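>>> Quick one, fold the following:
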Amino acid sequence: MIEWGVLASYMVCGALLAMMAIGVAFSAFMPALDRWNRRYFIAFFSLLFLYVVVLVVDMIIYDDPAMVNALIAVSIAEFLLFSVLALLPTFFLLRACGESVKGSPLPRAVAALWGVFCLMLFSVPFTETFGFVTPECQFVRGPWFPALIAPLAVIMCLNIAGLIRRRRFIHADNVEQYMRQQREIARQRADVMVLQLRPHFICNTMMGIYYLCDQDPQKAKQVTLDFTNYLRRNFTAIGSENVIPFRDELEHTRAYLAVEQAQFEDCLFVRFDTPHTMFRVPPLTLQPIVENAVKHGMKSSGEPLHITVSTRLTDEGSEIAVEDDGVGFAPAEDGKPHTALKNIRQRLALMCGGRLEISPREGGGTTVKVTIPAEK
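Just a heads-up that it's a prediction; the model follows:
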């Protein structure tokens, strides 16, 4: 009849086996894990699963005199699996802080200690110094058994010390991972903004081209070309995950304004003063600002709207200014923030550490300034 203590041990081992199997499954199919981390956790949980299996075998053959040799092999396997599990945190630690395995003294020290442990472990069948199995199939610790465990204890202490020493680097890596996630979120928001092209803007442009085909075929061809360039640069921005040359963003803005000027004719005038273009910006930085100036600056009286786009190099870095003499607009209207400008401000901060400022223009209108820090 099975004793309650033995039955409880089997139940605990069964629960551990189930947990390790679930851990392997989660590691294999967890989408948030990258390839290296997925392999690491699969290996870690698989070794734990195998270790528990060896423990179960140990319990089954324990006290069976006919299984003396098997118990020796199982005991060695048990200690060996445990030692490998003690090694794995070392590699995870180095990976977490971006440290090379070859260039760090920690893995060399851990490998040397593990080698010493293996030499002592595999000497167990030939000596009773560290431990032996009795004829009654019971493992008995030898007088030098603590020396066998000492290398594993030192490995664990080295891992703990390495963790304490590198905690700042690990924290910095976590921050960098968070920043990468935020950049990805911002990029996705930018993609949505690009895809949500204003239907009425597209329809008005197409209808304008339709009427120009009869009135001014040459101008219709030019507007079609400008509109095509505008759309192409919008779609190109979807695939841009990093900052782009300001010249590209400037050409995108020119293409957009050419389409708008064709519709508003003598009501929209734009001046460019951009001698400084040797810097990079997040995609869809300038064009949405100018689009907001056109959208919110047009006067109901029909008076022309003047917009100035300028750049200059300052002590802080590169500065872009978009000024208009329109009716002006507050940073928020009807309690709702301007989505485009909010999006630009987020992407500037995340992708290049830039900032966006909105202020009233002297004499009426609005000034929007973008500051891009100098590249280090």
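
>>> And for residue 307, the neighbour number?
23 (other C-beta atoms under 10 Å). Glycine gets a C-beta too; all of them are placed from N, C-alpha and C.

>>> May I have the host helix or strand of it as CSV, with CA atoms only?
In this assignment (DSSP states H and E), residue 307 forms part of strand 305-313. The C-alpha coordinates for strand 305-313 follow below in CSV (Å, rounded to 0.1, in the frame of the first residue of the first chain):
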residue,chain,number,x,y,z
LEU,A,305,-4.1,82.8,-47.4
HIS,A,306,-0.3,83.3,-47.3
ILE,A,307,1.9,80.5,-45.9
THR,A,308,5.6,80.6,-45.3
VAL,A,309,7.7,77.5,-44.8
SER,A,310,11.2,78.2,-43.5
THR,A,311,14.2,76.3,-42.0
ARG,A,312,17.3,77.4,-40.2
LEU,A,313,20.1,75.9,-38.2
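
>>> Summarise which helices and strands that strand is packed against.
Here strand 305-313 touches helix 246-264, strand 268-273, helix 286-297, strand 317-324, going by 3 or more C-beta pairs under 8 Å, 6 or more residues apart in numbering; DSSP states H and E.

>>> residues in contact with the longest one?
I take that to be helix 246-264. 204-205, 208, 212, 219, 222-223, 226-227, 229-230, 233-234, 237, 268, 270, 272, 274, 277-281, 283-287, 290-291, 294, 298, 305, 309, 311, 318, 320 (C-beta atoms under 8 Å, 6 or more residues apart in numbering).

>>> Please identify the buried residues of that helix?
246, 248-250, 252-263 (16 or more other C-beta atoms under 10 Å).

>>> Give me the three-state assignment for residue 151.
Counting by DSSP: H, G, I helix; E, B strand; the rest coil, the backbone at residue 151 sits in helix.

>>> in a strand, that's where residue 284 is, yeah?
No: Residue 284 is assigned coil when assessed by three-state DSSP, not a strand.

>>> wait, doesn't it sit right on residue 341?
No: using C-beta atoms under 8 Å, residue 284 makes no contact with residue 341, being 11.5 Å away.

>>> And the closest residue to residue 303 other than its chain neighbours, how far from residue 289?
The shortest distance from residue 303 to any non-neighbouring residue, by C-beta to C-beta, 6 or more residues apart in numbering, is to residue 267 (7.8 Å). Counting by C-beta to C-beta, to the nearest Å, the gap from residue 267 to residue 289 is 19 Å.

>>> When these two are compared, which one has more neighbours?
residue 289 (25 against 15).

>>> Neighbours of residue 42, how many?
Other residues near residue 42 number 17, with proximity taken as other C-beta under 10 Å.

>>> start the count at 53, not 1, going forward
Understood, numbering begins at 53; the last thing we discussed is residue 94.

>>> buried residues in the helix or strand containing it?
Assigned by DSSP H and E, residue 94 belongs to helix 87-113. In terms of neighbour count (16+ other C-beta under 10 Å), helix 87-113 has its buried residues at 90, 92-97, 99-110, 113.

>>> what does stretch 187-205 give?
Under the neighbour-count criterion of 16+ other C-beta under 10 Å, stretch 187-205 has 189, 191, 200-201, 203-204 buried.

>>> Look at the closest residue to residue 145 other than its chain neighbours and give its secondary structure.
Sequence neighbours aside, residue 214 is the residue nearest to residue 145 in space, at 5.5 Å (criterion: C-beta to C-beta, 6+ apart). Three-state assignment for residue 214 (three-state DSSP): helix.

>>> ditto for residue 285
helix.

>>> that older thread, what sits against the residue nearest to residue 145?
Taking C-beta under 8 Å, 6+ apart, one finds 142, 145, 158 in contact with residue 214.

>>> now these in a markdown table, with distance to residue 166?
Formatted as a markdown table, the contacts of residue 214 follow (distance: C-beta to C-beta, whole Å):
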| residue | distance to residue 166 |
| --- | --- |
| 142 | 10 |
| 145 | 15 |
| 158 | 12 |
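
>>> Let me know the closest of the residues you listed to residue 180.
Nearest to residue 180 among these is residue 142, at 31.6 Å by C-beta to C-beta.

>>> ok, now how distant is residue 410 from residue 375?
Distance, residue 410 to residue 375, by C-beta to C-beta: 11 Å.

>>> what residues are shared contacts of these two?
418-420.

>>> which strand residues sit across from residue 373 in the sheet?
Residue 373 forms beta bridges with residue 362, residue 421, as assigned by DSSP bridges.

>>> Am I right that it is in contact with residue 423?
No: in terms of C-beta under 8 Å, residue 373 does not count as a neighbour of residue 423; the distance is 9.9 Å.

>>> Now for the closest residue to residue 72 other than its chain neighbours: which residues touch it?
Counting by C-beta to C-beta, 6+ apart, residue 72 lies nearest to residue 101, which is 3.8 Å off, once chain neighbours are set aside. Contacts for residue 101 were tallied using C-beta under 8 Å, 6+ apart; they are 69, 72-73, 76.

>>> Give me the three-state assignment for the residue lying farthest from the centre of the chain.
Here the chain reaches farthest from its C-alpha mean at residue 187, the gap being 58.4 Å by C-alpha atoms, centre = their mean. Here residue 187 is coil, with the state taken from three-state DSSP.
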